[in-house]
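[1] Sharing a sequence plus its predicted fold:
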Amino acid sequence: MSVSADPGAAPGIGPVRSLEVVDLLRLTGRELDPLLLEETVEWQNALDWDFGVAAEMVRRFVNGRSLAGAAILDRGEVAGYGYAVVEDSKALIGDLYIRPQWRETDAPARLFRMILSGLEGVGSVKRIESQIMLIPPDSGAAMARQSGVGLCERILMSAEVGEVAPSASGGGNSDFRIVPWADQYEDPAAGLIAAAYVNHIDSTINDQYRNHAGARRFLYNIVRYPGCGDFNPHASFLAFDRSSGSICGLAAVTMVSRETGHVAQLCVQPGLQGRGLGRVLLAAAGAALQQAGAKRVTLTVTSSNRAVELYRKTGFREVRRFLAYVWDRA
């Protein structure tokens, strides 16, 4: 993927100045450092996430001239950047960050459009997905309108671990056996994910949910790569039906900062939904996180998903709304 320079308007009200979008390959990690530091601080303050590992990865790949993407410059100063990763026929826009003083301009939309255009030019790419949490929904909607991209609203929610963990008098559900994560369960857990998301809105956002192979890859990435935090097997649990012995629930948790766990996946077998199993799994994860010294637990959920009410009743509060972006080649 490659992009070419694009002149345009600078931030603020006034005459046209030198604002250009350039290929990320033109920059070095040192030139990106001020922006990456600012982004790391904002992720911590706004989302309770430690972006440091991701920032170091970006810096390393930019220095190696191996990260496809674009940056926006104002008179030589890096005002924003974004990058994408292509896997087979799908591309994922992994990040798009605009420094605050440029967010009220058309810079976010132009940067997004440049990255998207580069990906559209890759003939093997049939689908593009992205979830960019630090782009405000209004700016994201403008980006999507200009680019012909589909949208779905998502919510980041957070709770204190003590609210999610069961009370001393709280009980579980005797119909299910709850066991800690073990790698031997990865394949049946993938089958559960694929079954749980049949005809579900989230399978339009993430196509890995649509079949067993995709769900297996999704789990593999969560467990082995720190893209969504470090996987925590001690706070991740599976549920098995006591009568049949089949897997029927999953809570997969990562650590997005020293004090914050993130529920990267929570799903229940469709025929067993509504019986309290989701709460049992969240309680088990909350108790394990509390014992490990964590203070908070977060999750993301599609705003139209009925599970939002479950999370609110379990102690989760809305932190931020953001958009998921999907483009399919016609």
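    Structure received.
[2] What mean pLDDT does stretch 254-261 get?
    For stretch 254-261, mean pLDDT is 96.
[3] Could you check the pLDDT of the spatially most central residue of the chain?
    Centroid-nearest residue in the chain: residue 131, 5.6 Å away (criterion: C-alpha atoms, centre = their mean). On pLDDT, residue 131 comes in at 93.
[4] What strand or helix carries the nearest residue to it once chain neighbours are set aside?
    Spatial nearest neighbour of residue 131, chain neighbours left out: residue 324 (4.7 Å); criterion: C-beta to C-beta, 6 or more residues apart in numbering. For the C-beta atoms, the positions are set from N, CA and C on the backbone; glycine is no exception. Following DSSP states H and E, one finds residue 324 within strand 317-328.
[5] Tell me which helix or strand the closest residue to residue 176 other than its chain neighbours sits in.
    Take residue 176 and drop its neighbours on the chain: the residue closest to it by C-beta to C-beta, 6+ apart is residue 239, 4.5 Å away. Taking DSSP H and E as the criterion, residue 239 maps to strand 237-241.
[6] for residue 50, same thing?
    Short version: residue 50 belongs to no helix or strand, going by DSSP H and E.
[7] phi, psi of it?
    Here is the backbone geometry of residue 50 (degrees, to the nearest 10): phi -90, psi 110.
[8] who's the residue nearest to residue 176 bridged to?
    Beta bridges link residue 239 to residue 178, residue 249, judged by DSSP bridges.
[9] and it, what is it in contact with?
    176, 177, 178, 179, 247, 248, 249, 250, 268, 277, 280, 281 (C-beta atoms under 8 Å, 6 or more residues apart in numbering).
[10] Please enumerate the helices of the stretch 51-200 of the chain.
    Ranges of helices in the stretch 51-200 of the chain, per DSSP state H, counting those that start in this stretch, are 52-63, 107-120, 137-147, 161-164, 186-196.
[11] So which of the ones you listed is the most surrounded?
    Ranked by mean neighbour count, the helices of the stretch 51-200 of the chain are led by helix 107-120 with a mean of 22 (mean count of other C-beta atoms under 10 Å).
[12] How far does it sit from its chain's centre?
    Helix 107-120 sits 19 Å away from the centroid of its parent chain (C-alpha atoms, centre = their mean, to the nearest Å).
[13] now do stretch 106-117
    So, by C-alpha atoms, centre = their mean, the centroid of stretch 106-117 is 20 Å from its chain's centroid.
[14] How about residues contacting that stretch?
    So stretch 106-117 is in contact with 1, 3, 6, 8-9, 11, 19, 21, 69-72, 79-84, 93, 96, 98, 102, 128, 135, 139-140, 142-143, 146-147, 149, 327, going by C-beta under 8 Å, 6+ apart.
[15] Cool, thanks, talk later.
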